[in-house]
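# need a 3D model of the following:
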Amino acid sequence: MLNRYMEIDGLDGNQPVGAALTIGTKGDLGFPVDRDKLYFKTPIMADGVRDPHPAFKAWHKNASPEQRKTIRGNIVHASRSECFEHYLRNQSRKGHNPPNKQPYCTGDGKVATRWVDGDWKVIPCPHELCEFRLGNVKACKPFARLLFMPGWDAGTLPSLLTKFTTGSWNTVRNLVGFFEYAESQAAQCGIEHPNFFGLPFVLELTKKTSARAKTAYPVMTITPTMSLVDFFAHQRKQLEAAGSSGAPRLLAIGSPDQQDPEVVAADLAEINPGIPSVMTVSDGLEVVVADHAEVDAGAFPAPADEQAPLNRNTEELITYDQAQMLIRLGKAAKLDVERAIIDRYKVTVYSLPLEKLSDAQAHIGHLAKVNKR
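Coordinates of the predicted model:
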């Protein structure tokens, strides 16, 4: 007689990530638009795109502008390390191609792992003194991901395990500050290792401006929605009464599923549509783009006229239309020219001196003629 087996010994289940929360969305050309609104996307990227989540179609359509900037939620993991990670990341460098979409270099400000001569090397991390963090356009940026569960009025919208990814220094600081504040309040209650399960908070999309840079960029803030002293005191009583940790087994940010290079690359692509950050336009001519999430003060002063050339340290930079012209010329020449336009509130720039534009046009034009023969 064939025995019937009901479960596999040692196999633990996880609730998977059900949605991704993003600031804005990608336009038809793949560049960020609507960065004054929050979107819920499907967690799986198909053909380089995460589609709006069908379960939130009504919210995307009917929510007011203010509602599209605010999400209430709860931490649904016991520890910080299970739901939040942040580190330094340099995704790519010309001539260095790590396998499986893995980044060229990652680190924590003390130690880094870098792809060197076809292998991974552990090296000291120079932090602010790293060559990839110097200058106005920095290849090394923060990378952070937070897992949480949004809260809605009963029966209105699904409460799915949701992932939020950011590459903004300001937003990462806010997220770190949130957990540090919660830990300090737990210490006041005599709790050495706090359990964050159930901690309520509100995420709000705000806009930060830089007078010197004359530009603005989105920043997320996160704030607890109740007294943390009351939260930890109430939680302790509930956990003692339940006789357990009270935290269900949910997918953690450090799980193999979430650390898979394909998954991390998809999260990065969602916040940085300019990957790769270095685009070869023609022989020896490179165009470097900045992270769209935010601009370092003074990096790219916005012109009064969108069509006017920008000026940074007396060096003229090509404009949106001129950049588009380069791309059209490249395509006409049947060259493999990738889009690398970063739209920052209708200000789009390349770090390419204007005087090189004519040389690039001439070179690409010459190649186009050669290809037609």
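# check contacts around residue 21.
38-41, 71, 150, 162-164, 203 (C-beta atoms under 8 Å, 6 or more residues apart in numbering). The C-beta positions use only the backbone N, C-alpha and C, and glycine is treated the same way.
# repeat that with 10 Å
Residues in contact with residue 21 (C-beta atoms under 10 Å, 6 or more residues apart in numbering) are 38-41, 53, 56, 71, 73, 146, 148, 150, 162-166, 203, 220.
# helices of the stretch 151-300 of the chain, start to end?
169-188, 228-242, 256-259, 261-271 (DSSP state H, counting those that start in this stretch).
# okay, buried residues for the first one please.
Neighbour counts over helix 169-188 (16 or more other C-beta atoms under 10 Å) mark 169-172, 174-176, 178-179, 182-183, 185-186 as buried.
# and it with helix 228-242, angle?
Helix 169-188 runs at 60 degrees relative to helix 228-242, counting by axes from the mean of the first three to the mean of the last three C-alpha atoms, to 10 degrees.
# which other helices and strands does helix 169-188 contact?
The helices and strands touching helix 169-188, judged by 3 or more C-beta pairs under 10 Å, 6 or more residues apart in numbering; DSSP states H and E, are helix 80-83, strand 84-90, strand 141-150, strand 162-166, strand 200-210, strand 215-224, helix 228-242.
# now do the same end-to-end measure for stretch 209-216.
Distance across stretch 209-216, first residue to last, is 4 Å (C-alpha to C-alpha, to the nearest Å).
# before we move on, back to that, make a markdown table from the helices of the stretch 151-300 of the chain and add mean pLDDT to it.
Shown next, in a markdown table, are the helices of the stretch 151-300 of the chain (pLDDT from 0 to 100):
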| stretch | mean pLDDT |
| --- | --- |
| helix 169-188 | 94 |
| helix 228-242 | 78 |
| helix 256-259 | 85 |
| helix 261-271 | 81 |
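# residue 139: which of these is closest?
Nearest of those to residue 139, taken as C-beta to C-beta: helix 261-271 at 12.9 Å.
# residues near residue 222, how many?
21 (other C-beta atoms under 10 Å).
# touching, it and residue 175? I think so.
Yes - using C-beta atoms under 10 Å, residue 222 is in contact with residue 175, at 6.0 Å.
# find the residues that touch each one of those two.
Contact with both residue 222 and residue 175 is made by residues 146, 164, 203, according to C-beta under 10 Å, 6+ apart.
# closest one to residue 33 out of these, please.
residue 164 (18.6 Å).
# picking that back up, what's the most buried one of the helices and strands packed on helix 169-188?
Of all these, strand 162-166 has the most neighbours on average by mean count of other C-beta atoms under 10 Å, namely a mean of 24.
# same for that strand, what does it pack against?
strand 19-26, strand 32-41, strand 70-74, strand 141-150, helix 169-188, strand 215-224, helix 261-271.
# of the ones you listed, which is nearest residue 90?
Comparing the helices and strands packed on strand 162-166 by C-beta to C-beta, strand 141-150 comes nearest, at 7.7 Å.
# any idea of the angle that closest one forms with strand 70-74?
Angle, strand 141-150 to strand 70-74, by the same axes, to 10 degrees: 70 degrees.
# what mean pLDDT does strand 141-150 get?
The predicted model assigns strand 141-150 a mean pLDDT of 95.
# going forward, begin numbering at 52 instead of 1
Sounds good: first residue 52 from here, last item strand 192-201.
# now that strand - C-alpha only, PDB.
The C-alpha atoms that make up strand 192-201 are tabulated as PDB, following Å, rounded to 0.1, in the frame of the first residue of the first chain:
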ATOM      1  CA  LYS A 192      25.900  55.300  -4.600                       C
ATOM      2  CA  PRO A 193      23.800  54.000  -1.700                       C
ATOM      3  CA  PHE A 194      21.500  51.100  -2.300                       C
ATOM      4  CA  ALA A 195      18.700  50.300   0.200                       C
ATOM      5  CA  ARG A 196      15.700  48.000   0.300                       C
ATOM      6  CA  LEU A 197      12.900  47.900   2.900                       C
ATOM      7  CA  LEU A 198      10.200  45.200   3.300                       C
ATOM      8  CA  PHE A 199       6.900  46.200   4.900                       C
ATOM      9  CA  MET A 200       3.200  45.600   4.700                       C
ATOM     10  CA  PRO A 201       0.900  48.500   3.800                       C
END
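# strand 83-92 and that one, what's the angle between them?
Using the same axes, to 10 degrees: strand 192-201 against strand 83-92 is 40 degrees.
# tell me the angle strand 192-201 makes with strand 251-261.
Using the same axes, to 10 degrees, strand 192-201 lies at 150 degrees relative to strand 251-261.
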